[in-house]
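Provided below for reference: sequence and predicted model.
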Amino acid sequence: MNATPPLTSAAQTRRDWLALGVMTLAGAALPSSLRADARPIRFGLVTYQWAKDWDLPTLLKNCGPAGVEGVELRTTHRHGVEPELTAAQRAEVKKRFADSGVVCLGPGSDERFDSPDPATLKKAIERTKAFLQLSHDIGSSGVKVKPDRFHEGVPQEKTIAQVAAALREVAEFAKNLGQEVRLEIHGQLAAPETIVKVMQACDHPQARLCWNCNDPDVDSGGGFDANFALARPWFGQTVHVHDLDGAFRPYPYDRLVDLLKKTGYQGWCLLESSTNQTDPVAAYRRQRELFDALLARPAAA
């Protein structure tokens, strides 16, 4: 994502944010410095629960009133953007996104690189490559994968090395497609000090981390700030957040946004909610309001 020029003045910034506070998310024109394409940190949706039953036209139609700027398409859900699509179908998906103005960040695959079974691991690697080709063809920028867990009888360091090697292989495949492989900080490898070992061993520029707002971010190692700093050099274009009102679990989202801004992050915070909602459009709109408020507040020291 291209860097944006600095705002003209602190006073102008304050005026813009005050203006934003009285605008509705649906239909109001944002000031130029706060338009979606002008902000270095943007807010979007993982189609994990709230959009899992929407086909692609419904998803894109609902993004407008919800205020969704971009989406990560969770695999196996009803929108059906999967590696089995034909070339013509891929072109149609790309056109639908382009026409809608919604950014497709890429497939959120469920591929995992932890299995001690060689055939299972090979299948996950090849399927990830298929997702990367799909992502390229539909005009998106990367694919999410998982590390995932440790197995009984397998030394942890062996699993870490295996995940790193698999990640490096798919990242090398991604290089020629201009794609990121986004390793979601997930499962039993979710402690930041553990996942950083994977990234150090992988050592490939197309392999990036998707920060996932997990309990170990706060509870392990030297605490939240230290864990963020440890993992931050490997951040890719996506960060997953959960319900910003704490409905899923408490998390220091205010501090997360502060640190993202302080470290010059330019990418996406994508809402991945596990809650059930009768009106997902209204629910997302509320989450968007909470995120915009976090983004607007002065950063703590």
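Right, received. Where do you want to start?

identify the residues contacting the residue nearest the centre of the chain.
The chain has residue 238 as the residue nearest its centroid, 3.1 Å off, counting by CA atoms, centre = their mean. Contact analysis of residue 238 by CB atoms under 8 Å, 6 or more residues apart in numbering lists 72, 105, 142, 144, 182, 210, 267, 268, 270. C-beta coordinates here come from the backbone N, C-alpha and C atoms, glycine included.

residues in contact with residue 111?
The contact partners of residue 111, by CB under 8 Å, 6+ apart, come to 124, 125, 127, 128, 131, 145, 146.

wait, residue 93 touches residue 56, no?
Yes - using CB atoms under 8 Å, residue 93 is in contact with residue 56, at 6.8 Å.

residue 80: neighbouring residues, count only.
14 (other CB atoms under 10 Å).

as a quick check, tell me the outermost residue of the chain.
Distance-from-mean max, the chain, by CA atoms, centre = their mean: residue 153 at 32.6 Å.

how about residue 47: what's its closest non-neighbour residue?
Distances taken as CB to CB, 6 or more residues apart in numbering place residue 74 nearest to residue 47, at 4.7 Å, with adjacent residues excluded.

report the beta-bridge partners for that neighbour.
residue 108 (DSSP bridges).

the strand or helix carrying residue 228 packs against which elements?
Taking DSSP states H and E as the criterion, residue 228 maps to helix 224-231. Packing partners of helix 224-231 (3 or more CB pairs under 8 Å, 6 or more residues apart in numbering; DSSP states H and E): helix 192-202, helix 216-219, helix 253-262.

just give me how far the helix or strand just after the first one sits from the chain centre.
It refers to helix 192-202. Next along the chain after helix 192-202, taking DSSP H and E as the criterion, comes strand 207-210. Here strand 207-210 is found 10 Å from its chain centre; the criterion is CA atoms, centre = their mean, to the nearest Å.

about what we covered before: between residue 93 and residue 56, which contacts overlap?
Joint contacts of residue 93 and residue 56 (CB under 8 Å, 6+ apart) are residue 81.

name the residue in these two with the higher neighbour count.
residue 93 (21 against 18).

what sits against the more buried one?
Counting by CB under 8 Å, 6+ apart, residue 93 makes contact with 56, 81, 85, 104, 138.

what pLDDT does it get?
Model confidence at residue 93, expressed as pLDDT, equals 97.

out of the helices and strands packed on helix 224-231, which is closest to residue 245?
helix 253-262 (9.4 Å; CB to CB).

can I get that closest one in CSV, CA atoms only?
This file holds the C-alpha atoms of helix 253-262, laid out as CSV (Å, rounded to 0.1, in the frame of the first residue of the first chain):
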residue,chain,number,x,y,z
TYR,A,253,-7.2,-2.6,21.4
ASP,A,254,-6.5,1.0,22.3
ARG,A,255,-2.8,0.1,22.9
LEU,A,256,-2.7,-2.0,19.7
VAL,A,257,-3.9,0.9,17.6
ASP,A,258,-1.5,3.3,19.4
LEU,A,259,1.4,1.0,18.6
LEU,A,260,0.3,0.5,15.0
LYS,A,261,0.2,4.2,14.4
LYS,A,262,3.5,4.8,16.3
